[in-house]
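Asks: show me the folded form of this:
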Amino acid sequence: MDVQGDVSLLDELEFHCSSKKEYGGRLMTLEIIQFPCLSDNFGVFIHDTASGKTAAIDAPETAPMLKVLAEKNWSLSDIFTTHWHHDHVDANLALKERYRCKITGPKNEASKIPGIDTTVSGGQNFAFASHRVEVIDCPGHTLGGISYYLPDQRVLFAADTLFALGCGRLLEGTPDDMWASLSRLMALPDDTALYSGHEYTLANAKFALSVDPDNAELVARAATIKQMRDRGEATLPSTIGLEKRTNPFLRPHNAKIRKLLGMESAPDVAVFAEIRHRKNIF
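Replies: Numbering: from 1, shown residues only. From the prediction side, this is the model:
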């Protein structure tokens, strides 16, 4: 994207919250609602208007989730859990008791996920109404974390693996684990909408500029993000293409970043590890 002046991120992003969309001559019927939970988490519902089914991507907090469901007059059929951390599963049991919803989550973390019914691993897929949901292994933030990708909607739910201008802390996995996970997500189509688990974008932008200061698109994006947060607006969804151009965690191959770090000849994973270390102490 050729960025000139104050370009809104909404000029770049296709906001995937409309209820009907045409894909390859086939009318899709998915509505996506994103809303704040806890101090900086996002809750997300996906609602299939044809079947009436509604799934939550993780379950951070009961009260705001119940409020949105009541406002939309939706009943919760599913919870798709990405990883075991408490701020992603705390509402599982309360929601399951109220709606008798089915909880799907990562096989390698099943023992840590309250109320789990079905386990899945990377490479598997399952159906949500008429939509195919592909499971992508994403170790790094946790050892067994997963992301969910809906190819007919070009939408990715990456939770705490990939953020706008950031990536998750390596609380359990290694740099090699996380770089492999990010590489899988980077292979998705550039116009894939990215939903993440937290509103960290402003802090991430400040760090990104410290390691990629000459990236004109990043500079413009950071300014727009500041304006959006000043207005109380959410900075997500992003897109895979936008992240590949501006997120330093996806750019360890970039010559200018490598030169700034003094790592011109290092492997990509080593450069990624250094960027992650610098963010940890930023």
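Asks: okay, CA-based contacts and neighbour counts for the rest of this
Replies: Will do.
Asks: list phi and psi for the nearest residue to Asn41 once chain neighbours are set aside.
Replies: Closest residue to Asn41 apart from its sequence neighbours, by Cα to Cα, 6 or more residues apart in numbering: His198 at 4.3 Å. The phi/psi pair for His198 (degrees, to the nearest 10) reads phi -140, psi 160.
Asks: ok, the one 10 residues further on next?
Replies: Here is the backbone geometry of Ala208 (degrees, to the nearest 10): phi -60, psi -40.
Asks: for the helix ranked longest in the chain, packing partners?
Replies: Longest helix of the chain, by residue count under DSSP state H: helix 216-230. Helices and strands touching helix 216-230, by 3 or more Cα pairs under 8 Å, 6 or more residues apart in numbering; DSSP states H and E, are helix 9-12, helix 201-211, helix 240-246.
Asks: now do that helix, average pLDDT.
Replies: Helix 216-230 shows a mean pLDDT of 98 in the predicted model.
Asks: centre of the chain to it, how far?
Replies: Relative to the centre of its chain, helix 216-230 is centred 19 Å away, using Cα atoms, centre = their mean, to the nearest Å.
Asks: which helices and strands does whichever strand or helix holds Val133 pack with?
Replies: Element membership for Val133, per DSSP states H and E: strand 131-137. Counting contacts by 3+ Cα pairs under 8 Å, 6+ apart, strand 131-137 packs against strand 125-128, strand 146-150.
Asks: which of those is buried the deepest?
Replies: Mean neighbour count (mean count of other Cα atoms under 10 Å) peaks for strand 146-150 among the helices and strands packed on strand 131-137, with a mean of 25.
Asks: list the strands paired with that one, with their directions.
Replies: Next to strand 146-150 in the sheet, as set by DSSP bridges, lie strand 131-137 (antiparallel), strand 155-159 (antiparallel).
Asks: only alpha carbons, please: show it as PDB.
Replies: The C-alpha trace of strand 146-150 is given here as PDB (Å, rounded to 0.1, in the frame of the first residue of the first chain):
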ATOM      1  CA  ILE A 146      -4.100 -23.400  18.200                       C
ATOM      2  CA  SER A 147      -5.600 -20.900  15.800                       C
ATOM      3  CA  TYR A 148      -8.900 -21.200  13.900                       C
ATOM      4  CA  TYR A 149      -9.100 -20.300  10.200                       C
ATOM      5  CA  LEU A 150     -12.300 -20.100   8.100                       C
END
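Asks: now that strand, how far from the centre of its chain.
Replies: Its chain's C-alpha centre and that of strand 146-150 lie 9 Å apart, by Cα atoms, centre = their mean.
Asks: got the contact list for that strand?
Replies: Under the criterion Cα atoms under 8 Å, 6 or more residues apart in numbering, residues 82-83, 106, 121-122, 131-139, 155-159, 161 lie in contact with strand 146-150.
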